[in-house]
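1. make a model of this:
(2 chains)
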2 protein chains.
Amino acid sequence: MAAKRVGKQSVRFSSPPVITNTFSIVGPMEGKGPLGHRFDTVLEDVFYGEKTWEKTECKILREAVFNVLNRAGLKPTDLDAVLAGDLLDQIVSANFAMREVEAPFLGLYGACSTLAEGLAIGGMLVDGGFADRVVVATGSHHETAERQYRFPTELGVQRPPTAQWTVTGAGSCLLQSQGNGPRLTSATVGRIIDLGSKDPNDMGSAMAPAAADTIRQHLRDFAKGPEDYDLIMTGDLGSVGVALVREILGKDGIDLGDRFQDGGLLIFDRERQDVHSGGSGCGCSAVVFAGHLAKLFAEGKLKRLLLAGTGALLSPLTYQQAESIPCICHAVSIEVY
Amino acid sequence: MAAKRVGKQSVRFSSPPVITNTFSIVGPMEGKGPLGHRFDTVLEDVFYGEKTWEKTECKILREAVFNVLNRAGLKPTDLDAVLAGDLLDQIVSANFAMREVEAPFLGLYGACSTLAEGLAIGGMLVDGGFADRVVVATGSHHETAERQYRFPTELGVQRPPTAQWTVTGAGSCLLQSQGNGPRLTSATVGRIIDLGSKDPNDMGSAMAPAAADTIRQHLRDFAKGPEDYDLIMTGDLGSVGVALVREILGKDGIDLGDRFQDGGLLIFDRERQDVHSGGSGCGCSAVVFAGHLAKLFAEGKLKRLLLAGTGALLSPLTYQQAESIPCICHAVSIEVY
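-> Predicted coordinates for the structure are as follows:
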């Protein structure tokens, strides 16, 4: 059996867990974006029959978990664990969603890196023999995130061009030790990187060094080049962060080329939709992966993906206390072979 | 090799990871409690040279990580992962503490169950061959938790008798695949249990059903009785929650007897210290384990421990929106043999 620990920060799965099913649910604006037709459910409004946006966020996350199970003909009690998280204080969307899911639950917080963090840990649980079936799910809601992190949208505060638009959406992945689908082949767990960036309206700049650090380390740990992947997708840096990652890695002689894309840029049409630097939020990379990329795998159009989830780990309080923004990026490789 | 998955919610470690070192740091009030002499560092005041309590909380968590490494003669770069979390929004104490710890980081949120959650996941990473050395660390601070969850302490709001006192403290455990010390032999991952309790000043009542559920499931999964442990320690239910767990499990014919204790009751002298129902917070079970129980193991006075970490997974916002309190309990068995 090949070594599971690889290089400084990575693991290679010896029996790569299979992503047998995924599910994605998004808000109306995401439904009108370029990937609108790739999502399983598009909401008609941002309330979805609930009285508060927080309850809506919880509801879409819960539906993402139940629907991915339905697709596989499974019940919550068939699961060995659910790994989930979100952007809200105390990850309440995940905690409350899981009230109705009768399965062992592990709560994670990694901001927008949570899906990748969950896939990395979930992969280790399955490959390590501790679980046969695990669901990884994350979600976010534009209105809840804006009022928690910045300003309630009702205030109409103008957003700077570097700001990103938190996606309303939730995505889920069912990881199994057996089955058909793309396989989780490796994971690189990120370190906290904080170069002193302090602007919560420019998280792309804050997160870019962490994304570059983890992508560089992943390639080094496995002695790979960008050409070993068809797609390297960060989630979510927006236009500002993407340009910075290209620049940072370019200086190291790593040319990511056209295969480098960002979930926050794929989900919206920045010409037509007023989202400034692009999409963001736990739900963004989750629905881009569970909706769009999972379909690319099924269609045979994608074979080797490096999914690099990026998180800006600030809070409104640390921003008010004039702290900088610690960031992280976790990467998982997902392949068919 | 024996099966790693056991029963409905549990795993058994095939090469039980060793807790080779621990470190504990507490505030002045905890230092004056019955376990004061069992902690490694006792602060003289609740600021510890910082301008805000949030910075203090971050600092003690960072020191817990660095000091447990020092004890083992290791550097952060020797670690395969740090698993950490805390009570603050977006687990900023952990995120910011990890800025200076150059090691792969996985952020967790499980409220006061975070230490047990981290030990469970950390155990799977080490036993699964994905890591050789992992630090699990959690912390909390009385003043930051009060102003985030309830009222700033400066307001002098009267607390009801069912309220618990958030511990100022941080604890860390170094888990290694080899070495000397008590071993992590199994873990039971909890489900969310919410029986409708809504009072954030009575979290013991809210958490007791989750604690009972996981302890019962653990005993069932391994066909064990309470007598198979020298100590079953919840963290942290306080006096109200402890009585409820005894009652709930008593109805199932499970008599926990004297071996059942609670970290929140051990850490303070409720006669002498004005803490109402007892201690709580991510730091409570962390310092009681890393300080007191780790010493009991070293002294040969404890051989078989079931550590059952309990978390109340509410947020101030869900309380204001009249939601109930979802709770969870994760259990890990730690043994010398």
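
2. make it CA atoms for all contacts and neighbour counts henceforth
-> Noted.

3. contact partners for the residue nearest to A:Asp194 when sequence neighbours are not counted?
-> In this structure, A:Asp194 finds its nearest non-sequential neighbour in A:Pro326, 4.5 Å apart by C-alpha to C-alpha, 6 or more residues apart in numbering or on different chains. By C-alpha atoms under 8 Å, 6 or more residues apart in numbering or on different chains, the contact set of A:Pro326 is A:Ile192, A:Ile193, A:Asp194, A:Leu195, A:Ala206, A:Ala312, A:Leu313, A:Leu314, B:Asn95, B:Phe96, B:Arg99.

4. and for A:Thr138?
-> Contacts of A:Thr138 (C-alpha under 8 Å, 6+ apart): A:61, A:84-86, A:94, A:114-115, A:170-172, A:282-283, A:286.

5. neighbour-wise, which one of these leads?
-> A:Leu115 (39 neighbours; other C-alpha atoms under 10 Å in any protein chain shown).

6. which strand or helix spans it?
-> helix A:114-127 (DSSP states H and E).

7. now that helix and helix B:114-127, what's the angle there?
-> 50 degrees (axes from the mean of the first three to the mean of the last three C-alpha atoms, to 10 degrees).

8. helix A:114-127 packs against which elements?
-> strand A:81-86, strand A:133-140, strand A:169-176, strand A:183-188, helix A:282-287, strand A:304-312, strand A:327-335, helix B:114-127 (3 or more C-alpha pairs under 8 Å, 6 or more residues apart in numbering or on different chains; DSSP states H and E).

9. pull the contacting residues for A:Val68.
-> So A:Val68 contacts A:Asn21, A:Thr22, A:Phe23, A:Ser172, A:Cys173, A:Leu174 (C-alpha under 8 Å, 6+ apart).

10. out of these, who's the most crowded?
-> Result: A:Ser172 is most packed of these (other C-alpha under 10 Å), 34 neighbours.

11. quickly note the distance from that one to A:Ile19.
-> A:Ser172 sits 10 Å away from A:Ile19, going by C-alpha to C-alpha, to the nearest Å.

12. next one: A:His330
-> 18 Å.

13. I'd say A:Gly225 and A:Leu219 touch.
-> Yes: counting by C-alpha atoms under 8 Å, A:Gly225 touches A:Leu219, with 5.9 Å between them.

14. neighbour count for the two, which is higher?
-> A:Leu219 (17 against 14).

15. which positions in the stretch 101-250 of chain A make contact with chain B?
-> Listed as neighbours of chain B in the stretch 101-250 of chain A under the rule C-alpha under 8 Å from any C-alpha of the partner chain: A:101-111, A:117, A:124-125, A:127-131, A:189-194.

16. where do the strands of the stretch 101-250 of chain A begin and end?
-> A:105-107, A:133-140, A:165-166, A:169-176, A:183-188, A:231-235 (DSSP state E, counting those that start in this stretch).

17. quick one on the thing from earlier: please say which of A:His330 and A:Ile19 ends up with more neighbours.
-> Neighbour totals were compared for A:His330 and A:Ile19, and A:His330 leads with 35 against 27 (other C-alpha under 10 Å).

18. residue contacts, the more buried one?
-> A:Ser113, A:Ala116, A:Glu117, A:Ala120, A:Ala187, A:Thr188, A:Val189, A:Gly190, A:Thr214, A:Ala308, A:Gly309, A:Thr310 are the contacts of A:His330 under C-alpha under 8 Å, 6+ apart.

19. ok, and the most crowded of those residues?
-> Result: A:Thr310 is most packed of the contacts of A:His330 (other C-alpha under 10 Å), 35 neighbours.

20. and that residue, what pLDDT?
-> Here the pLDDT value assigned to A:Thr310 is 98.

21. same deal with A:Ala3?
-> At A:Ala3, pLDDT is 80.

22. confidence score at the residue lying closest to it once chain neighbours are set aside?
-> Excluding its sequence neighbours, the residue lying closest to A:Ala3 (C-alpha to C-alpha, 6+ apart) is A:Arg12, at 7.4 Å. On pLDDT, A:Arg12 comes in at 98.

23. how many residues are close by A:Arg12?
-> Other residues close to A:Arg12 by other C-alpha under 10 Å number 23.

24. is it in a bridge, and if so with what?
-> A:Ser186 (DSSP bridges).

25. is it correct that it is in contact with A:Ala187?
-> Yes: assessed by C-alpha under 8 Å, A:Arg12 is found in contact with A:Ala187 at 6.7 Å.

26. okay, the contacts of A:Val68 in JSON lines with pLDDT next?
-> Shown next, in JSON lines, are the contacts of A:Val68 (pLDDT from 0 to 100):
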{"residue": "A:Asn21", "pLDDT": "98"}
{"residue": "A:Thr22", "pLDDT": "98"}
{"residue": "A:Phe23", "pLDDT": "98"}
{"residue": "A:Ser172", "pLDDT": "98"}
{"residue": "A:Cys173", "pLDDT": "98"}
{"residue": "A:Leu174", "pLDDT": "98"}
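
27. could those residues go into CSV alongside distance to B:Gln90?
-> Output for these, formatted as CSV (distance: C-alpha to C-alpha, whole Å):
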residue, distance to B:Gln90
A:Asn21, 29
A:Thr22, 26
A:Phe23, 26
A:Ser172, 21
A:Cys173, 23
A:Leu174, 26
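
28. which outside residues touch the helix or strand of chain A with the lowest mean pLDDT?
-> Lowest on mean pLDDT, DSSP states H and E among the helices and strands of chain A sits helix A:316-320, with a mean of 92. Helix A:316-320 is contacted by residues A:Gln148, A:Tyr149, A:Arg150, A:Lys198, A:Pro200, A:Ser324, A:Ile325, B:Val92 when judged by C-alpha under 8 Å, 6+ apart.

29. narrow these to those in helices?
-> Within the contacts of helix A:316-320, residues falling in helices by DSSP state H are A:Gln148, A:Tyr149, B:Val92.

30. hmm, which of those residues are the buried ones?
-> A:Tyr149, B:Val92 (16 or more other C-alpha atoms under 10 Å in any protein chain shown).

31. OK, contacts around the residue in the stretch 201-337 of chain A that chain B sits nearest to?
-> Here the stretch 201-337 of chain A gets closest to chain B at one residue, A:Ser315, 5.9 Å apart by C-alpha to the nearest C-alpha. Neighbouring residues of A:Ser315 by C-alpha under 8 Å, 6+ apart: A:Tyr149, B:Asp89, B:Gln90, B:Val92.

32. since that was my last question, I'll sign off now.
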